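# All I have is the shape, not the residue letters:
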Ligand SMILES: Cc1ncc(C[n+]2csc(CCOP(=O)(O)OP(=O)(O)O)c2C)c(N)n1
Ligand SMILES: Cc1ncc(C[n+]2csc(CCOP(=O)(O)OP(=O)(O)O)c2C)c(N)n1
Ligand SMILES: [Mg+2]
Ligand SMILES: [Mg+2]
């Protein structure tokens, strides 16, 4: 099995979809010659040309909206919002248009649009380039939301996003691009709404997304040395959400910690906690803990940035507190 | 004590602030002669003139942003986004600018801006005029969020919003405008982060916001007839949140239902549930239930709209399920 | 605008325009009536006075050309092929409505007729029209995408980004600005700092055509030219139709902001329907016949709507996802 | 632009401009060096080649006039009175930095000098400048608010909404477009359908002034006129400065998208610093003295920054709310 980076996984999927399907095309700022601000689309313009790898003006509303319009015509556009902070500029098109056309039309319209975006702290980008906003999108009926943590998941989920007849907002994490892992020889689409259990365990379930999956894996190693058996569930798609896998895991371990890089308050972990306490109430031996960023914008100075975002120690502490209960 | 409507409460507060302080002024679409789409600012242009009651073009980003700029200069602008759906067009200015200037400047800047907006279903406005988005804003460090349910709270919280040195997003509910209630003779500012206990009870705590406070009050009456004693807590400000009042109430009643009109998934109730299960874990006799809108855009046809948004029956059923447990 | 001989319309065609405009007029009046009677819920914006723009533009389009409309959409819908029945049924929230009762007046869709939807977000439909036109261009289909919007919409960021992108990529789009001189209660001079809206198109180097929106023949000629330009691959056109809203912004609007007498004066001087009638020299008898025919269609639509199938509450759960 | 005699600057003043421009140049080169050495983190955009715009504009402003800047902000900050020390310390994330280490290169603030902040959102600072200018107008203060932004920013909805609102309300604002012909990797012709950016101002009936951004004297004269116009209550001005980015978009940019030789040619022909030096006839000795002085300031700023106070991790919890 080949090893590829998360970045290559996204690129390979885009290339394969464009190779096999003329309806797939890309729009975004500086995605052509420059290959995007993160190099994800590097080289694609050489193979597919500027008609299908379209550099856009700095017009986040129109980029998303042009995607909506082309998608309604049956194309399968993949648009890139350079940093997820800037989807604040596309929210009207994503939330009031893409997500609702089908419903408002009584089912006449399909909007098979994929909105790729990335972000994340850990490299001092400052407060306007590092936000994690996946939680917002999960509040919007009509949208789907994916947030892969591994190359295999990135590739397979992106394929499914492109071929989903609904609009998918696809979150990538900046610091995951260079991570490498084995992927299957051929691209396997991954069904939405199916969590991946990264590690089985019996003492506590960690529900983790994005970068925090990798943090959780390291924490689980450490915890194992201290005799704590951690199960790690990565929902991979936040909407739809594989509630069963999460709830079943907690019914087994009786404890749950949920972690992501977004601020804890109103982050996706709140939804996980709300669901788990409701569906696994009688199984819980400890309160569900949430580990996310502290409630501040992302500061610039690395020492403060590190303090704000969640790390192994934070997750480990939560795991231990949780296991120590009851 | 005089009786005024929720609409008058908002208007009176605006008028009183403008009368006493030249730094307070209003901007928004059609707020002058027409008095806003909901008549809230009716008559204010006659008293304060078009310089201070400023009709704007349809430019939600610039409206919010002009508010940010004026606020930084020490004015206390109150801007109106006609329907909260359209804050999707202001999100960049609210979330990346208003909320973060202070932090990014290391504390140099203050943005004493108030963003008033309204919305809500129940009158067939359709999917793009009825969304409840307060949950999103609570995910944003640097913002404050208010959502009053009574005339007294609307008046007092709006005053505090105007005089808060931070940006406050102030949610009003369309269907609350005509409700009438007694208010104190003089305008009393209401401190942020202090919940109002609308009714004391011992069997179950309902945490309700906005329109649902009134639904909860009716449910509590009914429940009382069936021997169930309901306590109703309205946080009034969602950020900051009076966690203590909520948690203490649940520690007393051992049961909690949280309700709002926003869709349940990733709605504010998720945060309440997450907090309560964490802080009152050992006190809970039943899972915390959430009662919100079903996970659809708001449909037009009244019969479907009614089905989607939460009503007495839904809340009552949740209360009964909760009380029936343990 | 020079009217080329070739684009002059036959009397018969113009008569059919008159009928369509009258249908829209009587439909809209019926909507006002039914709202006041309490039959209709929600937010209704009628297009009294703007009929010629919708008819003049849409009659230049093929069925598979597409339009995006606004909160004020009934006239566009009818002109682009939606039946009065489907439209009225939607306002009544029925299964037979053009959006199956899910949409309402501000969300009227008719995909089969190339109607991509009314839109309750001012400016919200424009980016999608650029995308639709881009799809046509990439697929080398000779189709055109048309966005309708008001003067107020030209103040939105979406307007700017859409026209810029559309021109940059020379997509086959026509941007039709129905300048009715008001955005809700706000007269144009209070919401934009220019009188000549074509300057906005110049910001993108976009061709513009200005037309008297109360003259359906002129609108049709201008639209023909604009559509041909776009269809030929020459890029988008900004078509500015000056028109008048002969009623309130929404049904029930007390119009406190309107100068006294303005609406009466406009009705007397700027009504596109008498104007066309006069041009065609339609006599009393033919007029009555027309009125009768149109009234029947409108009445039938109300009947159709009232007898339509109510949605089940739980139907609300359908159509969220494809 | 006709240069009135009255606005001609003394040699002394121009020499001070030269010094300031050179300081910016050497500062930016030092930033590139320190980033490559691994001292600096985050995202850095330097303004090599655009010094004359910042200096020419800011030297027309009073301390209590305000500016809003962009992701490419160092030149504006220095020109508006920030010390090299405060700026460099910020890039090092220190307490002594202009934003106390909370901001970084894209979030540089200096309220005391009227600097309302760099901004990492393209177009993000423009609405705030309208608001600041509105506040000045409402308070009848004779102050001006200036927004800097690039050619790429003119494609944003925020640009359109801001200029429209600013002109509608005739606020005392100046919108300075630094047209360096690129938005990141995308040359202007690929991101906007017009060559003459002043057409964008015409969409609002806004006055525009075009100037060679590599000629600091011309920039200063144009800005003087623009600022006077705004300050006098005549409304905003769009000031278009044509300039060149003599380096990559960000520090580390391999510039694969640049035609071969373009940057070398531009450095040879479009560098504002040798141009001014020539105009002033600065001889080798005076030039060396200038270089030495400027180098000392830059070196000192690095020392200052390195010796600055580190933030405590938990300082991150401060300054979220007022
Ligand atoms: C983004 C947005 N802001 C505000 C509104 C509320 N609104 C509905 S119609 C309207 C005025 C529109 O004016 P114009 O574009 O000229 O169209 P007209 O009503 O004149 O047909 C406004 C402000 C809205 N629907 N969408
Ligand atoms: C809203 C937004 N979209 C995208 C970006 C990413 N980005 C940063 S700088 C830039 C190009 C800006 O071009 P221009 O306005 O010409 O300024 P210049 O870099 O040339 O100084 C882009 C696309 C951003 N910061 N903000
Ligand atoms: Mg109008
Ligand atoms: Mg540029």
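Looks like it arrived, so ask away. What you are looking at is a predicted structure, and each value in this text was computed from that prediction instead of being measured. Ligands and ions are numbered 1, 2, ... in the order given.

# Please, where are all the helices along chain A?
Per DSSP state H, chain A carries helices over the ranges A:6-20, A:44-48, A:60-72, A:91, A:101-104, A:134-137, A:151-162, A:211-225, A:243-253, A:268-279, A:302-308, A:312-324.

# ok, now chain C?
Taking DSSP H as the criterion, chain C carries its helices at C:11-36, C:51-58, C:74-79, C:84-91, C:126-138, C:157-168, C:188-191, C:198-202, C:216-231, C:262-269, C:272-280, C:284-306.

# Count the neighbours of residue C:232 for me.
11 (other C-beta atoms under 10 Å in any protein chain shown). All C-beta atoms are positioned from the backbone trio N, CA, C, and that covers glycine.

# picking up where we left off before, pick the most buried one from the helices of chain A.
Mean neighbour count, computed with mean count of other C-beta atoms under 10 Å in any protein chain shown, is highest for helix A:60-72 among the helices of chain A, reaching a mean of 32.

# what's that one packed up against?
The contact analysis (3 or more C-beta pairs under 8 Å, 6 or more residues apart in numbering or on different chains; DSSP states H and E) places helix A:60-72 against strand A:24-28, strand A:76-81, helix C:126-138, helix C:157-168.

# Just the mean pLDDT for it, thanks.
Throughout helix A:60-72, pLDDT has a mean value of 98.

# One more: stretch C:27-43?
97.

# Repeat that for stretch A:113-121.
Here the average pLDDT along stretch A:113-121 is 98.

# near ligand 2, anything from that stretch?
No - using C-beta under 6 Å from any ligand atom, stretch A:113-121 never reaches ligand 2; the gap is at least 11.2 Å.

# Near the residue of the stretch 201-322 of chain C found nearest chain A, how many other residues are there?
As assessed by C-beta to the nearest C-beta, chain A sits closest to residue C:322 within the stretch 201-322 of chain C, at 3.6 Å. The number of residues packed near residue C:322 is 14, by other C-beta under 10 Å.

# okay, the helices of chain C in TSV with distance to residue A:275 next?
Formatted as TSV, the helices of chain C follow (distance: least, C-beta to C-beta, whole Å):
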stretch	distance to residue A:275
helix C:11-36	43
helix C:51-58	48
helix C:74-79	42
helix C:84-91	36
helix C:126-138	34
helix C:157-168	36
helix C:188-191	46
helix C:198-202	49
helix C:216-231	50
helix C:262-269	55
helix C:272-280	57
helix C:284-306	42
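
# ok, now which ones touch residue C:93?
B:124, B:300-304, C:41, C:101, C:104, C:310-311 (C-beta atoms under 8 Å, 6 or more residues apart in numbering or on different chains).

# The residue lying closest to it once chain neighbours are set aside: neighbour count?
Spatially, and ignoring its direct neighbours in sequence, residue C:93 is nearest to residue B:301 (3.2 Å; C-beta to C-beta, 6 or more residues apart in numbering or on different chains). Using other C-beta under 10 Å, residue B:301 has 31 other residues around it.

# The residue nearest the centre of chain C and residue C:61: what is the separation?
The residue lying closest to the centre of chain C (C-alpha atoms, centre = their mean) is residue C:76, at 3.2 Å. Between residue C:76 and residue C:61 the computed distance is 11 Å (C-beta to C-beta, to the nearest Å).

# between the two, what contacts are shared?
In contact with both residue C:76 and residue C:61: residue C:67, using C-beta under 8 Å, 6+ apart.

# which ones are touching the residue of the stretch 151-300 of chain C found nearest chain D?
Residue of the stretch 151-300 of chain C nearest chain D, by C-beta to the nearest C-beta: residue C:157 (1.8 Å). Residues counted as contacts of residue C:157 (C-beta under 8 Å, 6+ apart) are A:61, B:59, B:61-62, B:89, C:123, D:156-158, D:160-161.

# can you tell me which of those are up against ligand 1?
residue B:89.

# Ligand 3: which of the contacts of residue C:93 is nearest?
Nearest to ligand 3 among the contacts of residue C:93 is residue C:104, at 20.5 Å by C-beta to the ion.

# who are the neighbours in contact with the residue of chain A found nearest ligand 1?
Ligand 1 sits closest to residue A:92 of chain A, with a gap of 7.4 Å, by C-beta to the nearest ligand atom. By C-beta under 8 Å, 6+ apart, the residues touching residue A:92 are A:61, B:86, B:88-89, C:121, C:124, C:158.

# Spell out which two among the residues you listed are the most distant pair, please.
A:61 and B:86 (12.6 Å; C-beta to C-beta).

# Quick check: the nearest residue to residue A:183 once chain neighbours are set aside vs residue B:131, distance?
Closest residue to residue A:183 apart from its sequence neighbours, by C-beta to C-beta, 6+ apart: residue A:152 at 4.6 Å. In this view, residue A:152 and residue B:131 are 36 Å apart by C-beta to C-beta.

# re the thing from before, which pLDDT value does the model give the residue of the stretch 201-322 of chain C closest to chain A?
Residue-level pLDDT assigned to residue C:322 equals 97.

# Just send the contacts of residue A:92 back as TSV, with distance to residue A:52 too.
Listed next are the contacts of residue A:92 as TSV, based on distance: C-beta to C-beta, whole Å:
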residue	distance to residue A:52
A:61	22
B:86	34
B:88	29
B:89	30
C:121	29
C:124	27
C:158	25
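
# Restricting to these, which residues neighbour ligand 3?
Among these, not one lies near ligand 3 by C-beta under 5 Å from the ion.

# Return the residues in contact with the closest residue to residue A:321 other than its chain neighbours.
Counting by C-beta to C-beta, 6+ apart, residue A:321 lies nearest to residue A:289, which is 6.6 Å off, once chain neighbours are set aside. When contacts are counted by C-beta under 8 Å, 6+ apart, residue A:289 touches A:256-258, A:318, A:321-322, B:278.

# burial of residue 259, as a residue count?
All of this is about chain A. Neighbours of residue A:259 using other C-beta under 10 Å come to 30.

# ah, no, chain C please
Residue C:259, neighbours per other C-beta under 10 Å, totals 9.

# Please read off the pLDDT at the closest residue to residue C:309 other than its chain neighbours from the model.
Of all residues beyond its chain neighbours, the one nearest residue C:309 is residue C:95 (4.0 Å), with distances taken as C-beta to C-beta, 6+ apart. Predicted confidence (pLDDT) at residue C:95: the value is 98.

# For residue C:95, grab the count of nearby residues.
Count around residue C:95 with other C-beta under 10 Å applied: 17.
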